[in-house]
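Make a model of this:
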Amino acid sequence: MTKKSTKYHSLSRRIVLQFCLFTLGLSLIYSLISFVLMYTLEDSFIEKDIGQEAKYLQTYYQQRNQWPAVRQPNMQLHFSKTTLPDDMREDFLTEPKRTEFYGDEGRHYHLFTFSDYKDVYLLAEVSNDLMVRPIRGGVITFLCVSAIIVTFIACFIAWLIGRKTAKPLRQLADLAGGVAPKQVPAIFANQFPNNEIGILAHTLEQSFQRMIQALEREKCFTRDVSHELRTPLAIIKNAIELQQNKQANVDTKKRIEQRIFDAAEQMEKTVNTLLMLAREEHTRADKKNVKIMPIIEKSILDNRLLLKDKNINIIISDSCHTNVYIQPEMLKVLLDNLLSNAFKYTQAGEISVDFIDERLIIKDTGPGIKENISDNLTDISMKNSQGTGFGLSIVKRLCEHQEWQLTIENHEGTRISISLG
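Below is the predicted model:
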């Protein structure tokens, strides 16, 4: 089944469309409010004039007990409903509380009813006083044209805003989607604005860094497994060869079986340790007080094949008869790498192990470590991943994982010091 490609809409176009619709709606509402306001103001002026005239007529009547002549030429005083103009009388009879009426031939009436005097009405024919209604069509046209012009201006402004807003998003999408993980810049979020886009960029940057670190840990794990399992596999192979020797007695076979069991157990612990290194979290679980002397002796025995046919003295200081709070498997992997490197590259002389002021110190009389390896352990390439460089790479990552301080000195051999405190 062919997977359909997802269609994406343009964010800038969506911003322009929504902004234009909002502006158009707002313009129409404003036009309607303005139109109603003009009508209301016009009617209020007319009502004010009629109210003033009605007040004059009522005051005059109260003083002289007769109704005076109306002063305004467009107003008439009626004392009966029947005398009202024909073109508005029927509407008034139907709606007696209504005050505004439309007559024939464009006439427009306002009616004032005297509440204290029955069947007395002041009628004003205000057709000539109207200002808004005669130009109503022009006003509507002006408001519509204004709304269209404002909408076009708003669309242009929204286009500029949408383009400016979407540009960093497109850049971020190109950066996130078009670059391989190893080619992503270590720091790229600073080039984006300090807003929601910047927050997204920082989040992606952190995710990319975690992903790259996870890939690097996975690559290191596969290399470390092949490196660390060589010694126990060699022990197992050698033990099986001895086991196949028919001349071996019962005690020898038991020792061989024990060596195979110890090597298999060491392989299991080593794999667990390397898996711990491959995880993102830095766990402090499984730590306990352990004696380091047995671990040192076990590591020396496991790597003794590297000392074959070499005139080397192994010196273990009495200071190693102490306890440390540590993960035993971590310490074993650390010692295996340090001692195997020392055994392999030291051809003659001595190798010493000390524990002074919470620091494990291993010295040898070998040729020393190349400066480009000791100074740049994190950048060891696959070409340098064998032997000293690779072993020290594991040591350095162990130290970083456990927050131990690693010091390497080259002086008539190699002196490696690790603070376990």
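
Tell me the bridge partners for L77.
With DSSP bridges as the criterion, L77 is bridged to L122.

list the contacts for it?
Neighbouring residues of L77 by Cβ atoms under 8 Å, 6 or more residues apart in numbering: L57, W67, V70, V120, Y121, L122, L123. Placement of C-beta: from N, CA and C, glycine included.

Please apply the same query to E95.
Applying Cβ under 8 Å, 6+ apart, no residues qualify as near E95.

rerun at 10 Å
For E95, the contact set (Cβ atoms under 10 Å, 6 or more residues apart in numbering) comprises F101.

Next one: it relative to F112, how far apart?
Here E95 is placed at a distance of 15 Å from F112 (Cβ to Cβ, to the nearest Å).

can you pull out the helices in the stretch 301-421 of the chain?
328-345, 371-374, 388-402 (DSSP state H, counting those that start in this stretch).

pLDDT (mean, whole number) over the first one?
Read it as helix 328-345. When pLDDT is averaged over helix 328-345, the result is 86.

any idea how far the closest residue to F114 other than its chain neighbours lies from H78?
Of all residues not flanking F114 in the chain, V120 sits nearest, at 4.5 Å (Cβ to Cβ, 6 or more residues apart in numbering). Applying Cβ to Cβ, the value for V120 to H78 is 7 Å.

now do Y30
41 Å.

what's the answer for I236, then?
125 Å.

Settle it for me: which of the two has more neighbours?
More neighbours surround I236 than the other of I236 and H78, with 20 against 16 (other Cβ atoms under 10 Å).

What residues does the more buried one make contact with?
L229, I256, R259, I260, F261, D262, A263, A264, Q266, M267.

List just the nearest of the contacts of L77 to V16.
Nearest to V16 among the contacts of L77, counting by Cβ to Cβ, is L123 at 55.1 Å.

Am I right that that closest one is in contact with D87?
No - between L123 and D87 there is no contact, the gap being 11.7 Å when judged by Cβ atoms under 10 Å.

All the helices of the stretch 1-150 of the chain, in order from the start?
11-64, 86-94, 136-177.

Let me know the angle separating the first one from helix 136-177.
It refers to helix 11-64. 150 degrees (axes from the mean of the first three to the mean of the last three Cα atoms, to 10 degrees).

Which other helices and strands does helix 11-64 contact?
strand 75-78, strand 100-102, strand 108-113, strand 121-125, helix 136-177 (3 or more Cβ pairs under 10 Å, 6 or more residues apart in numbering; DSSP states H and E).

Show me what the shortest one is in contact with.
Contacts of strand 100-102 from elsewhere in the structure, counted by Cβ under 10 Å, 6+ apart, are 43, 46-47, 84-85, 87-92, 95, 107-111, 123, 125-127.

Fine, thanks again, bye for now.
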